[in-house]
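**Student:** show me how the following folds:
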Amino acid sequence: MTDYAKAREVAEQAREREWTRPSFGKQLFLGDLRLDLVHPVPRPGEEETARGDDFLRALRRFLEDKVDPAAIERESVIPPDVVTGLADLGAFGMKIEPEYGGLGLSHLYYTRALMLVGSYSPAIATLLSAHQSIGVPQPLRLFGTEAQKRAFLPRCARGEISAFLLTEPDVGSDPARLATTAVRDGDHYVLDGVKLWTTNGTVADLLVVMARTGERISAFVVEANTPGITVERRNAFMGLRGIENGLTRFEHVRVPAENLIGREGQGLKIALTTLNTGRLSLPAVCAGTAKWAARIAREWCGTRVQWGRRIGEHEAVAGKIAFIACSAYALEALVDLSSRLADDERNDIRIEAALAKLWASEMAWRVADELVQIRGGRGFETAESLAARGERGVPAEQMLRDLRINRIFEGSTEIMHLLIAREAVDAHLAAAGELVDPTADLRAKAAAARRAGGFYARWLPTLVTGPGSRPGTFAEFEPLAHQLRYVERASRKLARSTFYGMSRWQGRLEHRQRFLGRLVDIGAELFAMTAVCLRARQDAARLGRRPYELADGFCRQARQRVEALFHDLWSNCDDIDARIAGRVLDWRYAFLEEGVLDPSIDGPWIASSAASTASDPRGARARARR
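**Tutor:** Modelled structure (predicted):
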């Protein structure tokens, strides 16, 4: 088996293969706008709302009174008293059930809390989300035994920090290359290996570690102070300067067998299932930052005067303000809807959560970039430099730097495109997968041909017409009805485009990554349009016509992006670009590199796994946090 085939098999084994609950996102890619799955939007109960609102008020007071975000940026550390204060508030146990010492908040209020924190200090938001969304609490809540929950969840709720360790120096999105091992030795496992980019790793008390047990990957809860564990360094980044992220080495680390989460070989499945809802933390932070950007754009562009007019009145800037405002409203709507669906638990939201992460991380980056542009030279200047010369210290450049990692965290945009595309074409592969599988024999292909014939005979006629082609449909959405009709029509066009792509490239479709990426981006825009229409209808009862105006503006912007993506599906430079890239890798164009110098610090592209002489950075600072 080739390395590619092995990697593909590992990824496929980790997927949730069954669809036991309906999925709005899955149906959207099949050309079926199942508005009934998201409308009316699920609402939290009165008690849940009261508890959530009380916590948000307390959290806001704490941030305003006790947190200095400029100091965190300047010192590149979150002060111990801030961590202690957050623990006292219960912020480390927001989603942990009360019986284990947590607050038991819903996903809706968890993401609202992260939106609030993320608008003020993205580093603190990362600390909290890495601890709860991918650290020890979430996988134990989903897969842990009762004994494990009682042993570890109360500690997490009290503020003992957790971290998630999957990535290795030579392992990013390809878990088949995972080198860390866990070998059974009596009533223990012995772990050996190196983990990279362990967020919270330099201050963590508890770790979730992915390690290879034989040919499969398993997950373990590991005490961070276990002998044999060394945090070799704290990494530094262009943004999120207050996060505690390190390189962690395991040398003959003995972990009790009862700390295995789930069963041997379930590690990747646990990780992916955890991320089904855990991914919602990043869109929440993105939404918070975008809402902050909308405020800064309004205040600055209404104050700054050039050529006799407020700069917001110049059309070139007005377009940017409109983009920021409409995108901020849509980002919040998308997070709100996805969180409510996660709480409702009637739908499978693996596609919706992934779409939210993908779309929010890309759009928030654009929003922050436009804010920097609107601010001009002040956008490029640091907040402390602005304040030092007597102006308002707006951290626009910091927010741009801090947001950049979200396009990489928890699955890069490119990997998210592939993951979502795999789920989007699942129905096609279930019906006709063996037709395009080069390893399938003739009998399997014949059976697949029969299945495919039945599936497409039923499915293809549904793509010809639908509710979006009938005037008056979705009338309850008033001025946004035509936007939902567009979503329905575009959904059917998206499904037809997927079918045409499969017909054209068959088994080679999985290698047409840019084509698949555009399909996914169309689906993400349609999901966002749906979310914003639902949110505007809900908000109109309280705010009148204003939400409809923002939602309509967003939908018009999104439709332009969708139409461009549809065009680029079939008219593009993909093949030419691939040939040029291949020639670049073959040094054919090395002449273009003449006349420059490389400022890089010398060293290998991938560090050796040999032990480092670096000192462990945990020391007194980590102990002070505890």
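**Student:** in the stretch 301-450 of the chain, where is pLDDT below threshold?
**Tutor:** 435-438 (pLDDT under 70).
**Student:** if you could redo that for the stretch 51-200 of the chain, that was the one I meant.
**Tutor:** Filtered on pLDDT under 70, the stretch 51-200 of the chain yields no residues whatsoever.
**Student:** the strands in it, which residues?
**Tutor:** 162-165, 181-185, 188-199 (DSSP state E, counting those that start in this stretch).
**Student:** tell me which of these is the most buried.
**Tutor:** Among these, the stretch with the highest mean neighbour count (mean count of other CB atoms under 10 Å) is strand 162-165, at a mean of 28. The way it works is simple: take the backbone N, C-alpha and C, and place the C-beta from them, glycine included.
**Student:** okay, and residue 354 sits in which element?
**Tutor:** Using DSSP states H and E, residue 354 maps to helix 350-375.
**Student:** and for residue 286?
**Tutor:** Using DSSP H and E, residue 286 falls within helix 281-303.
**Student:** and if you look at residue 218?
**Tutor:** According to DSSP H and E, residue 218 maps onto strand 216-223.
**Student:** quick one: list the elements packing against that strand.
**Tutor:** The helices and strands touching strand 216-223, judged by 3 or more CB pairs under 8 Å, 6 or more residues apart in numbering; DSSP states H and E, are helix 137-143, strand 188-199, strand 206-213, strand 245-256, strand 260-261, helix 267-278.
**Student:** looking at the ones you listed, which is nearest to residue 229?
**Tutor:** strand 245-256 (5.6 Å; CB to CB).
**Student:** who touches that closest one?
**Tutor:** When contacts are defined by CB atoms under 8 Å, 6 or more residues apart in numbering, strand 245-256 is touched by residues 165, 169, 180, 182, 185, 187-202, 207, 209, 220-222, 226-235, 237, 611-612, 617.
**Student:** name the residue most distant from the centre of the chain?
**Tutor:** residue 308 (43.1 Å; CA atoms, centre = their mean).
**Student:** ok, it to residue 314 distance?
**Tutor:** According to CB to CB, to the nearest Å, residue 308 stands 10 Å off from residue 314.
**Student:** same thing with residue 118?
**Tutor:** 30 Å.
**Student:** now do the helix or strand that contains residue 26: which elements does it pack against?
**Tutor:** Per DSSP H and E: residue 26 is located in helix 24-29. When contacts are defined as 3+ CB pairs under 8 Å, 6+ apart, helix 24-29 packs onto helix 350-375, helix 413-424, helix 481-505, helix 513-543.
**Student:** quick one: these as TSV, columns for distance to residue 73 and mean neighbour count too.
**Tutor:** Formatted as TSV, the helices and strands packed on helix 24-29 follow (distance: least, CB to CB, whole Å; neighbours: other CB atoms under 10 Å):
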stretch	distance to residue 73	mean neighbour count
helix 350-375	15	24
helix 413-424	26	20
helix 481-505	40	19
helix 513-543	30	22
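**Student:** how about those helices in CSV, adding distance to residue 123?
**Tutor:** Shown next, in CSV, are the helices and strands packed on helix 24-29 (distance: least, CB to CB, whole Å):
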stretch, distance to residue 123
helix 350-375, 16
helix 413-424, 22
helix 481-505, 37
helix 513-543, 27
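**Student:** of all the ones you listed, which one is nearest residue 258?
**Tutor:** Closest approach to residue 258 among the helices and strands packed on helix 24-29 (CB to CB): helix 350-375, 29.3 Å.
**Student:** give the buried residues for the helix or strand just after that closest one.
**Tutor:** Next helix or strand after helix 350-375 toward the C-terminus (DSSP H and E): helix 377-380. Using 16 or more other CB atoms under 10 Å as the test for burial, helix 377-380 gives 378, 379.
**Student:** gap between helix 377-380 and the chain center?
**Tutor:** Relative to the centre of its chain, helix 377-380 is centred 28 Å away, using CA atoms, centre = their mean, to the nearest Å.
**Student:** can you list contacts of the helix or strand that comes right after it?
**Tutor:** Next in sequence after helix 377-380, counting helices and strands by DSSP H and E, comes helix 383-388. Applying CB under 8 Å, 6+ apart, the external contacts of helix 383-388 come out as 70, 73, 74, 378, 392, 393, 394, 395, 398.
**Student:** sounds good, over and out.
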